[in-house]
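J.: build me a model from this:
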Amino acid sequence: MHVFPRLVNLSLPKTASTSIAELFSSYNAVHEGFHKQSVNYIIDYYEKKLTCKQLNFFILRRQKLLQIRIDSSTFLHLIAKELEDLWPSQTSFFQIIREPCSWILSYLSMLYEYGSEYSSCSDSDESKWSYRYGQFQVPGMDPVHLFRKIDNDEYIFYLIEGLACYWIRYTLHVQKSIHPNRLHVYFLSDINDHWSRLAQAAGLPNDLRLVPRKENISRARPSAKKS
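T.: Next up is the predicted model:
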């Protein structure tokens, strides 16, 4: 039983979070656990609709239900400080940094694909949730709007600038929020050299044999389209 996670991913989306969860899937690794509910709670917290105590209650309940050892979700960077205060000293955190131009291109490509899917059902719950999350990250960013305005250079440049600011803000936010003794920082370009270090940080055996599947290796490259 995992009362608290041993290792928490505080990286931005599109930085190998899926690959990490798949690699450690036999050791209670979770990717995007209660994704929509978690993001909604976090945005409500930022909008002061929830107190920190209420947010913590949700995070603790999420942990109890999922029994997470390695939490490789893509929204936890938003509450880095809150998580450091919530989890005991046995919990370690890590951040994988992707080169910003590569990250922006990959993230916009993902949003465009979502927009293509949601464009015919813009009133669906999924589309409305994506709209809210996009607006939270960059005002005016919405997958369906991106899909429909992909040829509008002014709009695309606006999104690029907004995401660049987001990359800077939350990359620094994580590093300022977590004590250096608890935070492991890696670059996406060489993450394949550090699987054993992540295993150690999660309290797994030092000699654990970790062999990423081929698709995981390709996903961990800066030019990969998926993380």
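
J.: all contacts plus neighbour counts: C-alpha atoms, from now on.
T.: OK.

J.: which residues touch stretch 88-97?
T.: With contact meaning CA atoms under 8 Å, 6 or more residues apart in numbering, stretch 88-97 is reached by 4-12, 15, 171, 174, 178, 182-188, 191, 201-202.

J.: now, those residues that are in helices?
T.: Secondary structure from DSSP state H places 171, 174, 201 of the contacts of stretch 88-97 in helices.

J.: how many residues are close by the second one?
T.: Here the count is done by other CA atoms under 10 Å, and residue 174 has 22 residues near it.

J.: count the residues that sit near residue 141.
T.: Neighbour tally, residue 141, other CA under 10 Å: 24.

J.: look up phi and psi at it.
T.: phi -90, psi 120 (degrees, to the nearest 10).

J.: enumerate every residue touching it.
T.: Residues near residue 141 by CA under 8 Å, 6+ apart: 131, 134-135, 159.

J.: count of residues packed around the nearest residue to residue 174 once chain neighbours are set aside?
T.: Leaving aside its chain neighbours, residue 174 sits nearest to residue 80 (5.8 Å; criterion: CA to CA, 6 or more residues apart in numbering). Residue 80 is flanked by 23 other residues according to other CA under 10 Å.

J.: name the residues of the host helix or strand of residue 80 that come out as buried.
T.: Assigned by DSSP states H and E, residue 80 belongs to helix 80-86. Residues of helix 80-86 classed as buried by neighbour count (16 or more other CA atoms under 10 Å): 80-84.

J.: which elements pack onto that helix?
T.: Under the contact criterion of 3 or more CA pairs under 8 Å, 6 or more residues apart in numbering; DSSP states H and E, helix 80-86 touches helix 52-66, helix 153-177.

J.: specify the local secondary structure of the nearest residue to residue 184 once chain neighbours are set aside.
T.: Spatial nearest neighbour of residue 184, chain neighbours left out: residue 94 (4.4 Å); criterion: CA to CA, 6+ apart. Under DSSP: H, G, I helix; E, B strand; the rest coil, residue 94 falls in the strand class.
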